[in-house]
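Peer 1: got a structure for you, letters missing:
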């Protein structure tokens, strides 16, 4: 885990509430900028200190790597920035105990990096900085200044942080690897890749076993997703296309199942993660005592993998 300082004077309300960071890829003259290059160094799980109006006002946890993205709608902010940049998803939480680093510069001064520091030696924020890497000692000082709220905030963020971005990147790499294989033909490659998105032969195979969303009862296929029980990236070629390795689920149920917030016993009892806020189920009309019916023997084998590996117990 690394620590980062993001200067969001112009974009705080967009980025913190929108749960992301965005920067151009280069300066307006086309030259590289270390503070923009840093976006590509962020890893999921890194901690972000958000600086705005002379204060650290929020803390965030990165939920994925940087991706090329069009500039968000910042209104008048960043009107001179390029339209293509780096986007990093971040789960932010605003602080009650905001910290003004200038008031504590004597404690922080010795820990400021000699190069690419986010602060001047007077404690003022540097407007030329967007994303700066923080030495551990400096991050530790900031954590101490924020106090107990920092630990509470990280616990809350850990519960709230959506998962899947890093998985998506792994899936992207695997998809590219499939496209580059020489041991299978183009048609097989196409079907394996389509299966990742619940399409093609895989969806057709799932429909041989499933006719509706087991949780909501919806039967209209245009409103259902073919969701892998054993994740696509963890499956071999046969399992990727096996109809017994899939369920037809409504999108919100697919989300809960795919991310491990729910699972099922072999006889169809709904299993609910201890980490899931039950209000989500109530709002989405999912009964906590639901039984969705028995699964066949092959489906049960895949469900065993889901309960052991994917389900958040």
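Peer 2: Done, it's in. Computed from a predicted structure; not experimentally measured.

Peer 1: show me the shaky parts of this protein.
Peer 2: Residues of the chain meeting the criterion pLDDT under 70: 73, 75-80, 159-170.

Peer 1: which residues in it form strands?
Peer 2: Using DSSP state E, the strands found in the chain span residues 3-7, 20-24, 47-52, 55-62, 67-70, 84-99, 131-134, 225-228, 246-249, 262-264, 270-272.

Peer 1: who does the fifth one touch, helix- and strand-wise?
Peer 2: The reference is to strand 67-70. Contacts defined by 3 or more CB pairs under 8 Å, 6 or more residues apart in numbering; DSSP states H and E place strand 67-70 against strand 84-99. (Each C-beta comes from the backbone N, C-alpha and C, glycine too.)

Peer 1: now the strand it packs on against strand 3-7, angle please.
Peer 2: Counting by axes from the mean of the first three to the mean of the last three CA atoms, to 10 degrees, strand 84-99 lies at 100 degrees to strand 3-7.

Peer 1: quickly run through the sheet partners of strand 84-99, with directions.
Peer 2: When pairing is defined by DSSP bridges, strand 84-99 lines up against strand 20-24 (antiparallel), strand 55-62 (antiparallel), strand 67-70 (antiparallel).

Peer 1: next, format the ones you listed as a markdown table and append distance to residue 216.
Peer 2: Putting these into a markdown table (distance: least, CB to CB, whole Å) gives the following:
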| stretch | distance to residue 216 |
| --- | --- |
| strand 20-24 | 31 |
| strand 55-62 | 32 |
| strand 67-70 | 32 |
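
Peer 1: dump the residue contacts of residue 195.
Peer 2: Shown in contact with residue 195 (CB atoms under 8 Å, 6 or more residues apart in numbering): 201-202, 228, 232, 240-241.

Peer 1: can you report how many residues neighbour the closest residue to it other than its chain neighbours?
Peer 2: Distances taken as CB to CB, 6 or more residues apart in numbering place residue 202 nearest to residue 195, at 3.7 Å, with adjacent residues excluded. Per other CB atoms under 10 Å, the neighbour tally for residue 202 reads 24.

Peer 1: residue 9 too?
Peer 2: The burial count for residue 9: 12, using other CB under 10 Å.

Peer 1: does it touch residue 52 like I think?
Peer 2: Yes: with contact defined as CB atoms under 8 Å, residue 9 counts as touching residue 52 (5.4 Å).

Peer 1: residue contacts, the residue nearest to residue 51 when sequence neighbours are not counted?
Peer 2: Spatial nearest neighbour of residue 51, excluding adjacent residues (CB to CB, 6+ apart): residue 7 at 5.2 Å. Contact analysis of residue 7 by CB under 8 Å, 6+ apart lists 51-52, 118, 125-127, 129-132.
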